[in-house]
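Enquirer: here you go, sequence then predicted model.
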Amino acid sequence: MVQQCKQQDSPLTCNLRCSVDAAQLNLLTFRGAPRARGRAHGEHLAGRIQELLERWGDALERIYGVDRRRYIELFFANTGYYRATAQWAPSVLEEVQGIAEGSGADYWALLAFQHVNEEFEFAPRLAKLAPAGEACSTIVIAPHETRPALVAQNLDLAQYLDGYQTLLRVNCDEGDGEIMMLSVPGMISLMGMNSYGLALCDNTLTQLRTDPNGVPIYALYRLILERRCARDARALIERTPHAVGLNWVIGDGDGVMMLERSATQTVPYGPAAHESVAYHTNHPLACTDWQNRVDGAAAPAPARSTYLRFAALHQRLHGARAGALSAEALIDVLRAQDDEDYPISRGGGRNSEDQHIGFTLACNIFELRPNAPTWRLAPGPPHTTAFRTFRFD
């Protein structure tokens with residue numbers, strides 16, 4: 001059930017020490033039906049899953065001032081995410097159930113842990129002073145005669161996840177393809193690509209309208225990564241109710257796109273027909289379906305971080321020639337430290353937001369040759385972490 005995979009020509013060992021050293025990143029393969037696949041995942045990473053759930057609970061209590069058990073109760077009592085997932089993605093719930101069985105983790109705690117994007121929206125209600133989550137800087141570049149389409153992301157999340165970066169490879173449930181996903185032990189997916197040549201990541205947009213009965217983002221990731229092309233991915237995004245707002249970042253061998261998605265609208269952002277590049281951080285650039293005031297409080301507003309990171313991307317990418325925008329050029333952009341407090345590559349420890357969402361957990365560059373995608377991955381801030389390259393054999 002569990003196989004150790006290869007990264008290019010070098011064997012990977014199952015070393016699970018906490019480290020952002022690229023040499024310690026594991027690629028673990030789990031095959032089979034969703035529940036059996038999840039059970040193998042849980043058994044193989046049981047200790048690490050238990051550790052992460054404790055760290056997550058500690059973070060909830062430290063950042064939001066809410067008891068971890070109470071948070072789980074409130075989360076499911078006040079949302080319809082479970083019902084929506086059961087309707088739209090029942091196999092994903094089966095996989096989470098398998099992980100809980102294999103690891104001995106509490107099912108409801110593990111399920112709540114999956115909802116990274118929804119936590120950004122829900123948890124600040126429990127602590128009025130806690131910042132709304134802002135995470136990730138993304139870039140898409142259309143294919144050019146000198147290179148394939150490119151999708152790139154700095155994945156910014158809580159620093160307590162550092163050292164737990166794990167690459168998962170699983171079989172598709174709806175076809176003969178395979179999916180490779182960056183995650184942490186116990187979690188279904190944070191982003192990824194499939195063997196058909198489709199890559200997918202996102203930016204959180206907490207300002208957009210939400211739907212407490214929508215499908216959570218972690219489940220949507222698993223559904224979308226079953227698709228064979230960007231066109232099919234877009235169609236699924238447009239017809240599926242979303243729990244929270246975000247910018248989907250999508251590419252395949254034929255092209256790239258960004259789609260800002262609120263609970264009720266899908267609005268394309270870029271790149272425009274006459275452009276080769278688009279970039280995004282954490283404030284809406286196209287969708288106007290913003291949240292209304294909630295419980296007498298103002299709807300979430302963008303913070304300084306998103307504008308400063310966007311300005312740095314704009315300065316480095318605006319007007320760039322398509323032929324000059326290689327994967328290596330994007331690595332240089334995503335390593336940038338232009339602003340001391342809010343750089344593109346976020347090393348943590350600079351300000352009060354860092355423990356919440358101020359750490360670059362991974363830098364990802366997808367080179368999307370049709371049916372032969374390549375993933376360059378640094379499991380930590382790219383200005384301090386080496387890259388490795390992964391492909392489907």
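Expert: Received, thanks.

Enquirer: what residues does the closest residue to residue 136 other than its chain neighbours make contact with?
Expert: In space, and not counting its chain neighbours, residue 136 is closest to residue 203: 4.7 Å by C-beta to C-beta, 6 or more residues apart in numbering. C-beta: built from backbone N, CA, C; applies to glycine. The neighbours of residue 203, taking C-beta atoms under 8 Å, 6 or more residues apart in numbering as the test, are 135, 136, 137, 138, 246, 247, 249, 280, 281, 282.

Enquirer: going along the chain, name the helices of the stretch 1-150 of the chain.
Expert: All helices of the stretch 1-150 of the chain, identified by DSSP state H, counting those that start in this stretch, fall at 34-44, 46-59, 68-77, 81-88, 90-103, 107-114, 116-122.

Enquirer: run the chain-centre distance for the third one.
Expert: On the basis of C-alpha atoms, centre = their mean, to the nearest Å, helix 68-77 sits 23 Å off its chain's mean C-alpha point.

Enquirer: helices or strands up against it?
Expert: Under the contact criterion of 3 or more C-beta pairs under 8 Å, 6 or more residues apart in numbering; DSSP states H and E, helix 68-77 touches helix 46-59, helix 107-114.

Enquirer: swap the cut-off to 10 Å and go again
Expert: In terms of contacts (3 or more C-beta pairs under 10 Å, 6 or more residues apart in numbering; DSSP states H and E), helix 68-77 is packed against helix 46-59, helix 81-88, helix 107-114, helix 116-122.

Enquirer: my guess is residue 52 meets residue 114, correct?
Expert: No. Taking C-beta atoms under 10 Å as the definition, residue 52 is not a contact partner of residue 114, at 11.7 Å.

Enquirer: neighbour count for those two, which is higher?
Expert: residue 114 (26 against 22; other C-beta atoms under 10 Å).

Enquirer: shared neighbours of residue 52 and residue 114, which are they?
Expert: Common contacts of residue 52 and residue 114 (C-beta atoms under 10 Å, 6 or more residues apart in numbering): 186, 187.

Enquirer: okay, now the unreliable bits of the stretch 1-150 of the chain?
Expert: Applying pLDDT under 70 to the stretch 1-150 of the chain flags the ranges 1-23, 127-134.

Enquirer: please confirm that residue 169 is located within a strand.
Expert: Yes. Residue 169: assigned to a strand according to DSSP: H, G, I helix; E, B strand; the rest coil.

Enquirer: what about it, distance to residue 26?
Expert: 10 Å (C-beta to C-beta, to the nearest Å).

Enquirer: and if you look at residue 48?
Expert: Relative to residue 26, residue 48 is positioned 11 Å away (C-beta to C-beta).

Enquirer: repeat for residue 114
Expert: 20 Å.

Enquirer: quick revisit: just checking: what are the partner strands of whichever strand or helix holds the residue nearest to residue 136?
Expert: Element membership for residue 203, per DSSP states H and E: strand 199-204. Strand 199-204 has the following strand partners under DSSP bridges: strand 191-194 (antiparallel), strand 246-252 (antiparallel).

Enquirer: ok so, going back, deepest of the helices and strands packed on helix 68-77, which one?
Expert: helix 116-122 (a mean of 23; mean count of other C-beta atoms under 10 Å).

Enquirer: roughly how far out does that one sit from the chain middle?
Expert: Computed by C-alpha atoms, centre = their mean, the chain-centroid distance of helix 116-122 equals 12 Å.

Enquirer: helices and strands around that helix, which ones?
Expert: Using 3+ C-beta pairs under 10 Å, 6+ apart as the contact criterion, the elements in contact with helix 116-122 are helix 68-77, helix 107-114, strand 199-204, helix 217-224, helix 354-357.

Enquirer: got CSV for the ones you listed, with distance to residue 189 too?
Expert: As requested, the helices and strands packed on helix 116-122 are arranged in CSV below (distance: least, C-beta to C-beta, whole Å):
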stretch, distance to residue 189
helix 68-77, 19
helix 107-114, 9
strand 199-204, 9
helix 217-224, 4
helix 354-357, 18
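
Enquirer: quick one: contacts for residue 337?
Expert: If a contact means C-beta under 10 Å, 6+ apart, then residue 337 has 312, 343, 344, 345, 346, 347, 381, 383 as its contacts.

Enquirer: what's the burial count for the fifth one?
Expert: Neighbourhood size, residue 346 [other C-beta under 10 Å]: 27.

Enquirer: what does the closest residue to it other than its chain neighbours show for phi and psi?
Expert: Counting by C-beta to C-beta, 6+ apart, residue 346 lies nearest to residue 360, which is 4.6 Å off, once chain neighbours are set aside. Dihedral angles of residue 360 (phi, psi; degrees, to the nearest 10) stand at phi -80, psi 100.
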